[in-house]
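Quick one, fold the following:
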Amino acid sequence: MKKLALRSCACLAAALLAFPAAAQNADTLQKIRQSGSVTMGVRDSSGALSYTLGNGAYVGYHVEVCQKVLADIQQKLGLSKLDTRYQVVTSANRVPLVQNGTVDLECGSTTNNLARQKDVAFAVTTFVEEVRIAVKANAGIHSLKDLSGRNIVTTSGSTSVQTLRKSERTNGFDLKIMFGKDHADSFLLLESGRADAFVMDGSLLAGLIAKSRTPGDFKLVGEVLSVEPIAIMLRKDDAPFKKAVDDSLKQMMKSGELTRIYEKWLMQPIPPSNTQIALPMSDSLKAAIATPNDLPMEEYGKK
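Sure, this is the predicted structure:
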């Protein structure tokens, strides 16, 4: 009897020790309500989707969308004030920082795919990206086949790596793939001539070109390599928080607010230098707004 009691106590102690971490990960709304704060994951060089103005200021399409979501959550929770903290993430650390609770929602340029869905959850799609090729305008490169044997840069930890490997296997190309630590670093490799092409999300490439010192020296060429749904990343198995985020996004889609925010950041001049990305909304994104969904990239690939 005594041994059974000791064993029961030990099991209870273990359960109690495990509970706080599990509870924190499983109930983000409660965490926000109790702390009066939330941490948004942002990128500092993800084109018009998420970038920094310096001095801790972060802006962009996905940043503004998330700010609106958090305003709705603040109202839902009845909080008089919600302190939003910004945590810069990279392609390499964004998933772990969401998993471990450092970041509550990641608002950069993350592709929703089956591999990531094993570790995190995604809100409904708010951007549909086309992976493209950026080159120097005078390079004589017109498509992916022209890059066989040449140096191609993509950003470490991005889905473009898998896209390039698949193209290499399917077409028998000899692609010499380099990795930039972030998007700005990748573009620098192209700009400096150390890479012949930069393969990445078209919106990011267009934004980096527009903000470069000599935009006319670069262009997007060739075929669309893949179509990828971009979404706000959340902790896995937190249904109440996902529902709150999705409800806010669906209302923005229904009211036309999401389209207005898109046009502000992708079609109009944006700070700090009033550059204009001029990237019209794709038919795929229009469809995702008309019928909200959180389908992974693999499902988009079947269309």
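
so where do the helices sit in the stretch 201-303 of the chain?
In the stretch 201-303 of the chain, the helices defined using DSSP state H, counting those that start in this stretch lie at 202-211, 239-255, 257-266, 283-290, 297-300.

of all the ones you listed, which gets the most neighbours per residue?
Ranked by mean neighbour count, the helices of the stretch 201-303 of the chain are led by helix 202-211 with a mean of 24 (mean count of other Cβ atoms under 10 Å). Backbone N, C-alpha and C define where each C-beta goes, glycine included.

can you give me the angle that helix makes with helix 257-266?
Calculated by axes from the mean of the first three to the mean of the last three Cα atoms, to 10 degrees, helix 202-211 forms an angle of 40 degrees with helix 257-266.

Remind me what helix 202-211 packs against, helices and strands.
Packing partners of helix 202-211 (3 or more Cβ pairs under 8 Å, 6 or more residues apart in numbering; DSSP states H and E): strand 127-136, helix 183-191, strand 218-230.

As PDB, could you dump the C-alpha coordinates of it?
What follows is helix 202-211 as a C-alpha-only set of coordinates in PDB (Å, rounded to 0.1, in the frame of the first residue of the first chain):
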ATOM      1  CA  GLY A 202       8.500  36.600 -56.200                       C
ATOM      2  CA  SER A 203       7.200  39.300 -53.800                       C
ATOM      3  CA  LEU A 204      10.400  39.200 -51.800                       C
ATOM      4  CA  LEU A 205      12.500  39.400 -54.900                       C
ATOM      5  CA  ALA A 206      10.400  42.300 -56.400                       C
ATOM      6  CA  GLY A 207      10.800  44.200 -53.100                       C
ATOM      7  CA  LEU A 208      14.500  43.700 -52.800                       C
ATOM      8  CA  ILE A 209      15.000  44.800 -56.400                       C
ATOM      9  CA  ALA A 210      12.800  47.900 -55.900                       C
ATOM     10  CA  LYS A 211      14.800  48.900 -52.800                       C
END
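
Let me see the residues that make contact with that helix.
For helix 202-211, the surrounding residues in contact (Cβ atoms under 8 Å, 6 or more residues apart in numbering) are 45-49, 51, 109, 127, 129-132, 134, 183-184, 187, 198, 215, 218-220, 224, 266, 273, 275-279.

So, low pLDDT: which residues of the stretch 1-150 of the chain?
Flagging of the stretch 1-150 of the chain using pLDDT under 70 yields the residue ranges 1-26.

just to revisit the earlier point, deepest in the core, which of the helices and strands packed on helix 202-211 is it.
By mean count of other Cβ under 10 Å, those have strand 127-136 as the most buried, with a mean of 23.

Return the list of helices and strands in contact with the following helix or strand past it.
For strand 127-136, the following helix or strand on the C-terminal side (DSSP states H and E) is strand 151-155. Judged by 3+ Cβ pairs under 8 Å, 6+ apart, strand 151-155 is in contact with helix 160-171, strand 176-180, helix 183-191, strand 197-201.

Serialize those to a markdown table and add fields for distance to K145 and mean pLDDT.
Output for those, formatted as a markdown table (distance: least, Cβ to Cβ, whole Å; pLDDT from 0 to 100):
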| stretch | distance to K145 | mean pLDDT |
| --- | --- | --- |
| helix 160-171 | 7 | 85 |
| strand 176-180 | 14 | 95 |
| helix 183-191 | 19 | 96 |
| strand 197-201 | 12 | 94 |
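
got JSON lines for these, with distance to T154 too?
Putting the helices and strands packed on strand 151-155 into JSON lines (distance: least, Cβ to Cβ, whole Å) gives the following:
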{"stretch": "helix 160-171", "distance to T154": "4"}
{"stretch": "strand 176-180", "distance to T154": "7"}
{"stretch": "helix 183-191", "distance to T154": "6"}
{"stretch": "strand 197-201", "distance to T154": "5"}
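
now for these, which one comes closest to P240?
Closest approach to P240 among the helices and strands packed on strand 151-155 is made by strand 197-201 (30.6 Å; Cβ to Cβ).

Sheet partners, orientation included, of the closest one?
Strand 197-201 sits in its sheet next to strand 127-136 (antiparallel), strand 151-155 (parallel), going by DSSP bridges.

What sits closest to R150 if chain neighbours are left out?
Nearest residue to R150 in three dimensions, chain neighbours excluded: D196, at 4.1 Å (Cβ to Cβ, 6 or more residues apart in numbering).

I meant D247, not that one.
Setting aside the residues directly before and after it, D247 is nearest to D72 in space (Cβ to Cβ, 6+ apart), at 7.7 Å.

I'd like the distance from the helix or strand hosting the one you found to the chain centre, please.
Secondary structure assigned from DSSP H and E places D72 in helix 61-77. Remark: helix 61-77 is offset 16 Å from the chain centroid, using Cα atoms, centre = their mean, to the nearest Å.

Thank you, goodbye.
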